[in-house]
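**Student:** Build me a structure from this.
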Amino acid sequence: MSPTLAELSERELLRRLARFAPPDQLSDDTAALNADPRPLLINTDVLVDGIHFSDATTSALDVGWRAVAANLSDLAASGAVEIEGITVALVAPGCTSWDWVDGVYQGIGAALGQYGGSLLGGDCSRGEQRLLSITALGRLGPLRLHRNAALPGDVLVTSGAHGLSRLGLALLQDDPCVRDIALDPSLRDKAIARHRHPTPRLDEVQQLLACKPEHLPWRAGGTDSSDGLLSAVAGLCSSSGCGALLQRDQLPVAEGWPEGPAWTDWCLAGGEDFELVLSLPEAWADIWQTCIPDSQRIGRINAEAGVIRWAHNHTVVEARGFDHFNQPSASTKRSDGT
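**Tutor:** Numbering: from 1, shown residues only. Predicted structure coming up:
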């Protein structure tokens with residue numbers, strides 16, 4: 001039977017966690033990074049039990065993987081080309097089993113093994129609620145993707161389908177809204193996999209850099225869709241002082257995606273898809289789309305500051321992305337609001 005954290009000493013806990021880091025990495029209170037002329041990108045995300053994950057839908061391994069993927073998605077959406085590593089802060093009640101912690105760190109290790117970087121350090125503490133906070137560090141390439149870099153005339157493109165993670169969560173929760181719908185088995189499997197094991201789009205950033213037309217400057221607007229597709233577009237528009245026209249018939253949905261207002265809302269505002277959402281000059285967008293099979297052109301940036309409209313009738317697009325301070329708990333809504 002697995003011991004609880006209360007039954008382990010802090011020294012023993014650190015000894016067990018040390019196997020997930022390079023040799024002697026956790027034997028000191030600091031981590032040293034090698035000198036590098038490339039700027040360092042840093043971001044932090046916090047996952048809270050009952051808000052961002054739950055035992056009902058998320059295994060310990062999946063919690064660790066998703067925590068890393070969410071952070072690396074933010075780095076990718078800023079133009080990172082290499083991952084240096086992460087630090088992990090874990091808070092948990094004393095009754096938490098070692099097996100759960102071990103599973104979380106196995107998920108963390110699996111994600112780092114897939115996308116690069118190492119466990120640089122962190123901290124552990126006792127608390128009333130399980131909480132996982134990760135800080136990720138990556139190196140910037142030649143293009144600093146930023147929400148404030150969109151310009152009128154740019155094409156809006158995204159790296160993949162949206163709504164899948166939200167559908168996956170609904171399926172895992174046996175949500176009544178999907179219980180009686182005949183979904184293609186491949187769509188069901190893809191949705192659950194996307195929810196449990198999201199993919200930070202680091203490879204797609206490399207493709208973006210490689211395909212830039214020589215005559216264009218290193219300028220592109222970018223973010224990820226962790227809080228929903230529409231929220232991502234709104235962030236680009238707000239930071240850049242622009243607006244957008246979206247093509248309703250070009251929404252990025254997976255094959256076999258049902259039709260109807262609720263399904264459109266999940267595409268626009270389901271969240272947790274962790275796809276790149278980019279504002280690019282048309283020539284660059286055209287080439288990038290040929291390199292990324294699942295990418296989709298979804299609209300254009302215009303000069304109507306702060307307003308997002310449908311292109312076909314110019315009505316305002318209405319859907320709401322994830323808001324950390326205005327949502328029900330994850331056990332009934334979603335399991336990761338990063």
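
**Student:** How many neighbouring residues does the closest residue to L119 other than its chain neighbours have?
**Tutor:** Distances taken as CB to CB, 6 or more residues apart in numbering put A21 closest to L119, at 4.1 Å, once the chain neighbours are dropped. All C-beta atoms are positioned from the backbone trio N, CA, C, and that covers glycine. Using other CB atoms under 10 Å, A21 has 21 other residues around it.

**Student:** how much space between A21 and G85?
**Tutor:** To G85, A21 is 9 Å away according to CB to CB, to the nearest Å.

**Student:** Need the overlap of contacts for the two.
**Tutor:** 118-120 (CB atoms under 8 Å, 6 or more residues apart in numbering).

**Student:** By neighbour count, which of the residues you listed wins?
**Tutor:** Going by other CB under 10 Å, L119 tops the shared contacts of A21 and G85 with 24 neighbours.

**Student:** Confirm that it sits in a strand.
**Tutor:** Yes: assessed by DSSP: H, G, I helix; E, B strand; the rest coil, L119 belongs to a strand.

**Student:** Bridged to it, which residues?
**Tutor:** I86 (DSSP bridges).

**Student:** Secondary structure element for L75, which one?
**Tutor:** helix 60-76 (DSSP states H and E).

**Student:** from what I can see L167 touches E272, true?
**Tutor:** No: using CB atoms under 8 Å, L167 makes no contact with E272, being 10.6 Å away.

**Student:** Can you pull the residues that touch both of those two?
**Tutor:** Residues touching both L167 and E272 (CB under 8 Å, 6+ apart) are H195.

**Student:** Show me where the stretch 101-250 of the chain has its strands.
**Tutor:** 118-126, 131-140, 155-158, 221-224, 243-246 (DSSP state E, counting those that start in this stretch).

**Student:** which residues touch the first one?
**Tutor:** Residues from elsewhere that reach strand 118-126, judged by CB under 8 Å, 6+ apart: 5, 10, 13-14, 17, 20-22, 25-26, 28-31, 84-94, 105, 108-109, 112, 137.

**Student:** switch to 6 Å and redo it
**Tutor:** Residues from elsewhere that reach strand 118-126 (CB atoms under 6 Å, 6 or more residues apart in numbering): 20-22, 31, 85, 87-91, 94.

**Student:** Can you tell me which of those is closest to E259?
**Tutor:** Lowest distance from E259 to the contacts of strand 118-126 (CB to CB) belongs to V88, with 42.0 Å.

**Student:** the inter-axis angle of the host helix or strand of the closest one versus strand 118-126?
**Tutor:** For V88, the host element (DSSP H and E) is strand 80-92. If you take axes from the mean of the first three to the mean of the last three CA atoms, to 10 degrees, strand 80-92 sits at 20 degrees to strand 118-126.

**Student:** buried set for strand 80-92?
**Tutor:** By neighbour count with 16 or more other CB atoms under 10 Å, strand 80-92 contains the buried residues 80-92.

**Student:** helices or strands next to that strand in the packing?
**Tutor:** Applying 3 or more CB pairs under 6 Å, 6 or more residues apart in numbering; DSSP states H and E, we find strand 80-92 packed against strand 118-126, strand 131-140.

**Student:** So which of these is nearest V48?
**Tutor:** That would be strand 131-140 among the helices and strands packed on strand 80-92, by CB to CB, at 5.2 Å.

**Student:** ok, the nearest residue to P39 once chain neighbours are set aside - how many residues close by?
**Tutor:** Distances taken as CB to CB, 6+ apart place L140 nearest to P39, at 4.4 Å, with adjacent residues excluded. Applying other CB under 10 Å, we find 18 other residues in the vicinity of L140.

**Student:** Would you check that L140 makes contact with L40?
**Tutor:** No: judged on CB atoms under 6 Å, L140 makes no contact with L40 at a distance of 7.5 Å.

**Student:** Return the set of buried residues in the least confident helix or strand in the chain by mean pLDDT.
**Tutor:** One helix or strand of the chain scores below all others by mean pLDDT, DSSP states H and E: helix 176-179, with a mean of 91. Neighbour counts over helix 176-179 (16+ other CB under 10 Å) mark V178 as buried.
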